[in-house]
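In: Based on what follows, work out the 3D shape:
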Amino acid sequence: MLSTGFNVVGFNWMSSPAATELESIVMDWLAKLLHLPSQFLFSGGGGGVLQGTTCEAILCTLSASRDQALSRLGRNHIGRLAVYGSDQTHCAVQKAAQIAGINPSNFRAVPTRREDAFALTGESLRLSVEKDIAAGLTPIFVCATVGTTSSTAVDRLLEIAEVAKAYGMWLHVDAAYAGSACICPEFRHFIDGVEGADSFSFNAHKWFFNNLDCCCMWVKRPEALVAALSTNPEYLKNRATESRQVVDYKDWQIALSRRFRALKMWMVLRGYGVANLRNYLRAHVRMAKLFEGLLRLDCRFEIVVPRYFSTVCFRLLPPRCGERDVDEKRTNELNQQMLESMNAEGKVYMTHAVIGGVYVIRFAAGGTLTEERHVREAWAVVKEHAEKVMASG
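Out: Below is the predicted model of the structure:
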């Protein structure tokens, strides 16, 4: 409410020095909490910016990578550019590629496998890249994800970074959901390999106690963003900008005007403190682990993918528990029926995904008021509705 009430437009340093300086400060604070490489800090030649959403962050970084490539190849070669993600990557990457003028047929959703926990691997990326190069395309951008939307899978950053470096691709790491957890030392390893990335982002409005919208994004080379996104009409010219000693965040984003997002981020950091933020995150992971443990004690249920953070992907198996062969169509229908039944009752609300053809139900702990008793109550609801659909089936 405060940030909205102040009505700061903040598009350049001159319009609001305080808003700009506070944003630079909190982004460096967060980078240090995440132990990001020094190149992502303002003091190391990089810097951070608060975007609205990950969709915006990806579009900005992809635009920068596109312009870098076209400056070498020539503008008339845009049809040769190729962009990569996995079949688990958020659809924002494909949409960003379309907006940036990439030929839709040059977007690659590299297949993942259940054996790899649906993570994008370096080898599968390399094969896709080499095939495209042989066909005359130019790979420019790859998005690796830490905590995919469907199953919170973690792409293999170290491997992907090696491939990106070998072929001169911009590597963006999308940690929209799971990045928050990486302020805890025990979860920091999930972003090992980020030193090989060109940009990194996570959504503070997902699991970092900020309200929508607040996406934290860092780049190693801000000049690449500025070159792709900057405009400088006469009515925006001023001595501060011309001095090149200040940050004009209008050149780091799609829109001109922007909200005072730094204030709410500052209030979360100062209000909770690092220790409390870590405690909340750990509590959510602990509650998800409890729910996972309850599921594992009941042979009617299967944990479909590994649980890394505070989300559990599970399904109910048909009767005759323990048989290897599962009728996937029947099982998917059974789980869809159970989820709809649970949500209709109104005691809990869970979501679904289809991963590798498997319909899964997703339990997520992430509310500031969620306690262990709520998890046990949710488990009771799951058992009740499992029995209900089994009896009716």
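
In: So what's the residue count around E23?
Out: By other CB atoms under 10 Å, the residues close to E23 number 26. For glycine as for every other residue, the C-beta is placed from the backbone atoms N, C-alpha and C.

In: list the contacts for the residue lying closest to it once chain neighbours are set aside?
Out: Distances taken as CB to CB, 6 or more residues apart in numbering put A262 closest to E23, at 3.7 Å, once the chain neighbours are dropped. Counting by CB atoms under 8 Å, 6 or more residues apart in numbering, A262 touches A19, L22, E23, I25, V26, L50.

In: For stretch 312-332, give me every contacting residue.
Out: So stretch 312-332 is contacted by 151-152, 288, 291-292, 295, 299-305, 307, 334-335, 338, 353-355, 357-364, 386, 389-390, 393 (CB under 8 Å, 6+ apart).

In: just to revisit the earlier point, which SS class is the residue nearest to E23?
Out: With DSSP: H, G, I helix; E, B strand; the rest coil as the basis, A262 sits in helix.

In: where's it relative to N203, distance?
Out: Remark: distance between A262 and N203 (CB to CB, to the nearest Å) = 15 Å.

In: next one: N210
Out: Taking CB to CB, one finds N210 at 8 Å from N203.

In: Spell out the residue ranges of the helices in the chain.
Out: With helices called from DSSP state H, the chain shows them at 2-6, 17-33, 54-73, 92-99, 122-134, 157-166, 204-207, 222-229, 239-243, 261-296, 328-345, 372-392.

In: Could I get the contacts of A262 in a markdown table, plus columns for pLDDT and distance to V247?
Out: Below are the contacts of A262 laid out as a markdown table (pLDDT from 0 to 100; distance: CB to CB, whole Å):
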| residue | pLDDT | distance to V247 |
| --- | --- | --- |
| A19 | 88 | 11 |
| L22 | 94 | 11 |
| E23 | 93 | 8 |
| I25 | 95 | 11 |
| V26 | 96 | 13 |
| L50 | 95 | 12 |
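
In: Output those residues in CSV; the columns should cover distance to R376.
Out: Converted to CSV, those look like this (distance: CB to CB, whole Å):
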residue, distance to R376
A19, 45
L22, 42
E23, 41
I25, 42
V26, 37
L50, 37
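
In: coming back round to it: just the buried residues of the contacts of stretch 312-332.
Out: 151-152, 288, 291-292, 295, 300-302, 304-305, 307, 334-335, 338, 353, 355, 358-364, 386, 389 (16 or more other CB atoms under 10 Å).

In: Tell me where the model's unsure across the stretch 201-350 of the chain.
Out: Applying pLDDT under 70 to the stretch 201-350 of the chain flags residues 320-325.

In: P185: which of the contacts of A262 is nearest?
Out: V26 (20.8 Å; CB to CB).

In: mind showing which ranges of the stretch 1-150 of the chain have poor pLDDT?
Out: Applying pLDDT under 70 to the stretch 1-150 of the chain picks out residues 1-7.

In: just the buried members of the contacts of A262?
Out: Among the contacts of A262, the ones that count as buried by 16+ other CB under 10 Å are A19, L22, E23, V26, L50.

In: so the fourth one makes contact with K264?
Out: No: using CB atoms under 8 Å, V26 makes no contact with K264, being 9.8 Å away.

In: Would you mind measuring from R259 to S243?
Out: For R259, the distance to S243 equals 25 Å [CB to CB].

In: I should have written A262 there, sorry.
Out: Counting by CB to CB, the gap from A262 to S243 is 22 Å.

In: and if you look at A161?
Out: According to CB to CB, A161 stands 36 Å off from S243.

In: One more: G122?
Out: 43 Å.

In: N210 and N203: which is more packed in?
Out: Neighbours were counted for N210 and for N203 using other CB under 10 Å; N203 has more, 26 against 21.

In: Quick check: beta-bridge partners of the more buried one?
Out: Here N203 shows beta-bridge partners C215, assigned using DSSP bridges.

In: about what we covered before: the helices of the chain into CSV, with extra columns for distance to R113?
Out: As requested, these are arranged in CSV below (distance: least, CB to CB, whole Å):
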stretch, distance to R113
helix 2-6, 44
helix 17-33, 33
helix 54-73, 24
helix 92-99, 20
helix 122-134, 8
helix 157-166, 14
helix 204-207, 27
helix 222-229, 34
helix 239-243, 50
helix 261-296, 22
helix 328-345, 16
helix 372-392, 28
